[in-house]
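my questions are about this predicted structure, shown below with the sequence.
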Amino acid sequence: MTDETVTTTGAPGTDAVDTDAGAETVGAETVGADVAGGDVAGGEVAGTSAADDGAAGEDDVLVTVEGIEVHFPIKRGIVLERTAGYVYAVDGIDLTIRRGETYGLVGESGCGKTTLGRGLLRLVEPTGGRVVFDGTDVSTLKGEALRTSRRRMQMIFQDPLSSLDPRQSVESILVEGMRAHGLDKGKQSTRARLVELLDSVGLPESALHKYPHEFSGGQRQRIGIARALAVEPDLIVADEPVSALDVSVQAQVLNLLEQLQQRLGLTYLVIAHDLAVVRHISDRIGVMYLGSLVEEASSDSMYAEPMHPYTKALLSAVPVPDPTVEDDREQILLTGDLPSPAHPPTGCRFHTRCPWKQDTLCDTDRPELRDIGGGHRVACHYAEDIRAGEIGRHEVEPELVHPDT
Ligand SMILES: Nc1ncnc2c1ncn2[C@@H]1O[C@H](COP(=O)(O)OP(=O)(O)O)[C@@H](O)[C@H]1O
Ligand code: SF4
Ligand SMILES: [Mg+2]
């Protein structure tokens, strides 16, 4: 994360327990709670500031994703089930996440962010590509080895329903994961650990004997974070961790995540549809469109000079506090809906909505994500021409998109 503290709402710090008595329910879920034994080491990785754009050495990299694909089969027929096609939810993504950094993943709803996060942790089985975690190819791990590796990668979900079991007390929620991973080593030490965990997320000891419904949305997310931390992970995938929270509480939870990262050397993949959320907490940002990564850069570089037409459009929709900047910025309204990932457009997947689309290449050749200087990667055939102002923007006729068949 950047050194900057999230101040978007002027909310108080994270020391106090937030008191949003709102109705939003936000919870969190950890993965791999079915684990027995496993190595207890790790948990603390030296936090490195990875905000620079230079290529990371192998030692600096915690996660390498190579060509990951998650294609969901579309089944047809009642008696004789057959595969009628595929939803190309994630369709060939390469990225690396460095130790101690926060990688923000953004894109509009349905572009495959959650599926990428789940595929990375093998909560959904990728149909192609591989994931290397701390030097080990986890794509092929099975049984005990897979469960052990899962302890090191935890997920925090937005999903309020499948998050915290309403019948379990906070104590039982937290102990469950520890026990599964052999981290519950006696009554006294476990108790001390639970109190420490709650304290680290800003909740009092008395929370242990309460149930999820007795907490506010923000507090429930803190419990979810504590549950993820209970098994001493290295990587936390936070899928829309604050999307369902009241704005003032959002900043508190983001600040908490930032503090924990600094203290424990955690590495984060933070998923959000809201660029404003990701901007403040991310070192680097990846922008997804229809199962692909279309742009990746340091947070500062992405905001200073977005290169991909899709990112330009996304950013032009984010309000800027400074009115003079606001006036100068070009507003780019995207025409048409996100095409179905079951029928992705040919060539550049964005060509059906791109205001810079050209007659050659765009609808025939799929652009590679390529470095166009300083680690800023863009998947657009014409990125340089657009940057130089040699290609102008034009109107886009909305296309009829295929319904899901
Ligand atoms: N289990 C599944 N089976 C079939 N399609 C799925 C499944 N999970 C997600 N999808 C589809 O994959 C696409 C990407 O979904 P998702 O990863 O949830 O996107 P995001 O998190 O960016 O909103 C969507 O079209 C969604 O409907
Ligand atoms: S490759 Fe063509 S259609 Fe795709 S973003 Fe670039 S200009 Fe637009
Ligand atoms: Mg999602």
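Now that the structure is in, tell me what you want to look at. Residues are numbered from 1 along each chain as shown. Ligands and ions are numbered 1, 2, ... in the order given.

where exactly do the strands run in the protein?
Applying DSSP state E to the chain gives strands spanning 61-76, 82-98, 102-106, 128-133, 136-137, 153-156, 235-239, 267-272, 284-289, 292-298, 370-371, 377-378.

out of these, which comes closest to ligand 2?
Ranking the strands of the chain by proximity to ligand 2 (Cβ to the nearest ligand atom) places strand 292-298 first, at 7.3 Å. Just so you know, the C-beta spots here come from the backbone N, C-alpha and C atoms, and that holds for glycine as well.

tilt between that closest one and strand 82-98?
If you take axes from the mean of the first three to the mean of the last three Cα atoms, to 10 degrees, strand 292-298 sits at 10 degrees to strand 82-98.

which other helices and strands contact strand 292-298?
strand 82-98, strand 284-289, helix 309-316, strand 377-378 (3 or more Cβ pairs under 8 Å, 6 or more residues apart in numbering; DSSP states H and E).

so which residues on the stretch 101-250 of the chain come close to ligand 1?
107, 109-115 (Cβ under 6 Å from any ligand atom).

give me that answer again for 8 Å
107-118, 124, 239-240 (Cβ under 8 Å from any ligand atom).

please pick the buried ones from the residues you listed.
The neighbour count (16 or more other Cβ atoms under 10 Å) marks 107-108, 110-118, 124, 239-240 as buried among those.

hang on, the earlier thing: any chance of the strands of the chain in CSV, with distance to Q358 and mean pLDDT too?
Below are the strands of the chain laid out as CSV (distance: least, Cβ to Cβ, whole Å; pLDDT from 0 to 100):
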stretch, distance to Q358, mean pLDDT
strand 61-76, 27, 96
strand 82-98, 23, 95
strand 102-106, 26, 98
strand 128-133, 30, 97
strand 136-137, 39, 94
strand 153-156, 40, 94
strand 235-239, 36, 97
strand 267-272, 31, 97
strand 284-289, 18, 97
strand 292-298, 16, 97
strand 370-371, 17, 96
strand 377-378, 15, 98
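
re earlier: and the furthest pair within the residues of the stretch 101-250 of the chain next to ligand 1?
For these, the farthest-apart pair by Cβ to Cβ is E108 and V124; their separation is 20.2 Å.

circling back to that earlier point, among the residues of the stretch 101-250 of the chain next to ligand 1, which one lies nearest to Q188?
Set against Q188, the nearest of those by Cβ to Cβ is D239 (34.9 Å).

hang on, isn't the closest one packed against I156?
Yes. Assessed by Cβ atoms under 8 Å, D239 is found in contact with I156 at 6.9 Å.

how near is L256 to S189?
Distance, L256 to S189, by Cβ to Cβ, to the nearest Å: 25 Å.

can you check L235 too?
Distance of L235 to S189, computed by Cβ to Cβ: 25 Å.

out of those two, which sits in the busier spot?
Neighbour tally, L235 and S189, criterion other Cβ atoms under 10 Å: the higher count belongs to L235, 22 against 11.

what bridges to that one?
On the basis of DSSP bridges, L235 is bridged to M153, T267.

for it, give me its contacts.
62-63, 97, 133, 152-154, 266-269 (Cβ atoms under 8 Å, 6 or more residues apart in numbering).

where along the stretch 301-405 of the chain do the helices fall?
309-316, 323-328, 383-387 (DSSP state H, counting those that start in this stretch).

those helices: lowest mean pLDDT?
Note on those: lowest mean pLDDT is at helix 323-328, with a mean of 58.

outline the domain layout of this structure.
14-304, 306-405 (automatic domain parsing).

so which of these is the most surrounded?
Comparing these by mean neighbour count (mean count of other Cβ atoms under 10 Å), domain 14-304 ranks first with a mean of 19.

so does that domain get close to ligand 2?
Yes. Domain 14-304 reaches ligand 2 (Cβ under 8 Å from any ligand atom) through V294.

look up phi and psi at whichever residue of the stretch 101-250 of the chain sits closest to ligand 2.
For the stretch 101-250 of the chain, the residue closest to ligand 2 is G107, as judged by Cβ to the nearest ligand atom, at 14.0 Å. Here is the backbone geometry of G107 (degrees, to the nearest 10): phi 160, psi 160.

for it, which non-adjacent residue is spatially closest?
In space, G107 comes closest to M288 once its chain neighbours are excluded; the distance is 3.5 Å by Cβ to Cβ, 6 or more residues apart in numbering.

now do the contacts for the one you found.
93, 105-107, 111-113, 116, 294.

related to what we said a few turns ago, nearest to I78, of the buried ones among the residues of the stretch 101-250 of the chain next to ligand 1?
Nearest to I78 among these, with distances taken as Cβ to Cβ, is V124, at 24.9 Å.

tell me the phi and psi of that closest one?
Phi and psi for V124, reported as degrees, to the nearest 10, are phi -130, psi 140.

apart from its chain neighbours, what residue comes closest to it?
R118 is the one closest to V124 (Cβ to Cβ, 6+ apart), at 4.4 Å.
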